[in-house]
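In: Quick one: sequence plus predicted model below, questions after.
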Amino acid sequence: MFRIGVIGCGKVAQVRHIPEYAANPATELAGYFDINAARASGLAEKYGGSAYGAWRDLLADGSIDAVSVCTTNDTHAEISIAAMRAGKHVLCEKPMAVTLPDCEAMVRVSAETGRFLMIGQNQRLTKAHRLARQLLSGGVIGNLLTFRTTFGHGGPETWSADPGTSTWFFDKKRAAMGAMADLGIHKTDLIHFLTGDVVVEATARLFTADKHGPSGGLIGVDDNALCIYRLSGGAVGTMTASWTFYGAEDNSTVLYGTKGIIRIYDDPAFAVKVMLAGGEKILCEAEPMQTNDSQTSTGVIDEFARCLAGGTPPEISGEETLKAMRAVFACIESSETGRAVRIEQ
């Protein structure tokens, strides 16, 4: 049984990490910290374990084996690095960190300490995405030529534990980045996972179209990101992330090859659809994509627990996610400079 500490007890911890740890027979919830002390105490009372007055106090507890870091973006690197140096394995929420040097430092400390660093890139774990990866690698649609991948919804202000325009997601100091880091990192990492390639060049425009903060002005982070990616295998495609899709959530990906097309999560009836050049179709049902409004198990906690139990490094490691973060930072640079940015992976 692995004893788990949760640092940051906001929405993602409350509806994903904590219930999934509670449901996993290999993990025991042992500690909680949140800047809202009452929130941490309430969760300790509900699920068992202790609330701590400071996150460093939680890390000093030698009985805790691993932690989930579910804090604001700007604190991910500091807390994760301190946790690994304290001997804890770490599951950190995305985005990994707010600067590239911080991301690289997290990976370096994981290697130095021998502690696992896993990032919550849950899209890799869906059955539809895993099936699509197999189909693509198996050559069902031939060689990949182009792609488009999208993640858009109405924004995080209804998702936050403190909902409304004062949410930390809209605060540049704490969030650093907006839709690109919140949603775009998911789809960037997914393209790496599906194709086995990495983004080597990015052209992007990040902008704030509609989200307003508590003062009434536009927020200081992007609410939309439109990106063009060139992959190491030669394919070129688009990645769109948006907090201004005021309707049904869009979490779709389409892969266009020399022999046909794979469509993922763009048809409510079929999670994966293959449409071949000769007219043949392959229609696959799978679990629906998890959304903010429809919570199901992400599989992230179960995967983390398997890694802990087996002593095997996570597939969704900091080192792997670093490749996608490099693309995210390249998109930010491209948007600021108005030019394409090459990425050394």
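Out: Here it is on my side, so go on. Numbers count the residues shown, from 1 in each chain.

In: tell me the domain boundaries of the chain?
Out: 2-122, 123-342 (automatic domain parsing).

In: Now tabulate those in TSV and tack on mean pLDDT and mean neighbour count.
Out: Placement of C-beta: from N, CA and C, glycine included. Below are the domains of the chain laid out as TSV (pLDDT from 0 to 100; neighbours: other C-beta atoms under 10 Å):
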stretch	mean pLDDT	mean neighbour count
domain 2-122	98	20
domain 123-342	94	18
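
In: show me where the stretch 151-300 of the chain has helices.
Out: Assigned by DSSP state H, counting those that start in this stretch, the stretch 151-300 of the chain shows helices spanning 172-175, 179, 185-195, 300-310.

In: Now do the third one: everything it contacts.
Out: Applying C-beta atoms under 8 Å, 6 or more residues apart in numbering, the contact partners of helix 185-195 are 94-96, 121-124, 129, 132-133, 136, 144, 147, 149-151, 197-199, 229, 231, 233, 235, 237, 239-241, 253, 255, 320-321, 323-325, 327-328.

In: circling back to that earlier point, among the helices of the stretch 151-300 of the chain, which is nearest Ala23?
Out: Ranking these by their distance to Ala23 (criterion: C-beta to C-beta) puts helix 300-310 first, at 8.0 Å.

In: In CSV, could you pull the C-alpha coordinates for that closest one?
Out: Written as CSV, here are the backbone C-alpha positions of helix 300-310 (Å, rounded to 0.1, in the frame of the first residue of the first chain):
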residue,chain,number,x,y,z
VAL,A,300,-3.9,8.5,-14.6
ILE,A,301,-4.0,7.4,-10.9
ASP,A,302,-4.2,3.7,-11.9
GLU,A,303,-1.2,4.1,-14.2
PHE,A,304,0.7,6.0,-11.4
ALA,A,305,-0.1,3.2,-9.0
ARG,A,306,1.0,0.5,-11.4
CYS,A,307,4.4,2.3,-11.8
LEU,A,308,4.8,2.5,-8.0
ALA,A,309,3.9,-1.1,-7.5
GLY,A,310,6.0,-2.4,-10.3
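
In: I'd like the next helix or strand past that helix.
Out: The C-terminal neighbour of helix 300-310 among helices and strands, as given by DSSP states H and E, is helix 318-337.

In: any idea of the angle that next one forms with helix 185-195?
Out: Calculated by axes from the mean of the first three to the mean of the last three C-alpha atoms, to 10 degrees, helix 318-337 forms an angle of 120 degrees with helix 185-195.

In: helices or strands next to helix 318-337 in the packing?
Out: Judged by 3 or more C-beta pairs under 8 Å, 6 or more residues apart in numbering; DSSP states H and E, helix 318-337 is in contact with helix 100-113, strand 117-119, helix 185-195, strand 199-207, strand 224-231, strand 341-342.

In: Let's see that with 6 Å instead.
Out: Here helix 318-337 touches helix 100-113, helix 185-195, strand 199-207, strand 341-342, going by 3 or more C-beta pairs under 6 Å, 6 or more residues apart in numbering; DSSP states H and E.

In: Run the angle between the first one and helix 318-337 for me.
Out: When the same axes, to 10 degrees is applied, the directions of helix 100-113 and helix 318-337 differ by 170 degrees.

In: chain center to stretch 190-200: distance?
Out: Chain-centre distance of stretch 190-200: 15 Å, with C-alpha atoms, centre = their mean, to the nearest Å.

In: Return the alpha-carbon coordinates of it using PDB.
Out: Below are the C-alpha coordinates for stretch 190-200, written out as PDB (Å, rounded to 0.1, in the frame of the first residue of the first chain):
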ATOM      1  CA  LEU A 190      -1.200  13.500 -28.100                       C
ATOM      2  CA  ILE A 191       0.200  14.100 -31.600                       C
ATOM      3  CA  HIS A 192       3.600  12.900 -30.300                       C
ATOM      4  CA  PHE A 193       1.900   9.800 -28.900                       C
ATOM      5  CA  LEU A 194      -0.300   9.000 -31.900                       C
ATOM      6  CA  THR A 195       2.400   9.400 -34.500                       C
ATOM      7  CA  GLY A 196       5.600   8.500 -32.700                       C
ATOM      8  CA  ASP A 197       7.100  11.700 -34.100                       C
ATOM      9  CA  VAL A 198       7.900  15.000 -32.400                       C
ATOM     10  CA  VAL A 199       7.200  18.600 -33.300                       C
ATOM     11  CA  VAL A 200      10.300  20.100 -34.900                       C
END
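
In: about what we covered before: can you redo the helices of the stretch 151-300 of the chain as TSV with distance to Gly5?
Out: Formatted as TSV, the helices of the stretch 151-300 of the chain follow (distance: least, C-beta to C-beta, whole Å):
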stretch	distance to Gly5
helix 172-175	21
helix 179	30
helix 185-195	24
helix 300-310	13
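
In: between the ones you listed, which gets nearest to Gly216?
Out: Closest approach to Gly216 among those is made by helix 172-175 (16.3 Å; C-beta to C-beta).

In: How far off centre is the very next helix or strand once past that closest one?
Out: Under the assignment DSSP H and E, the closest C-terminal helix or strand after helix 172-175 is helix 179. Between the centre of helix 179 and the centre of its chain there are 12 Å (C-alpha atoms, centre = their mean).

In: quick one: which of the helices of the stretch 151-300 of the chain is nearest Pro101?
Out: In terms of C-beta to C-beta, the element of those nearest to Pro101 is helix 185-195, at 17.1 Å.
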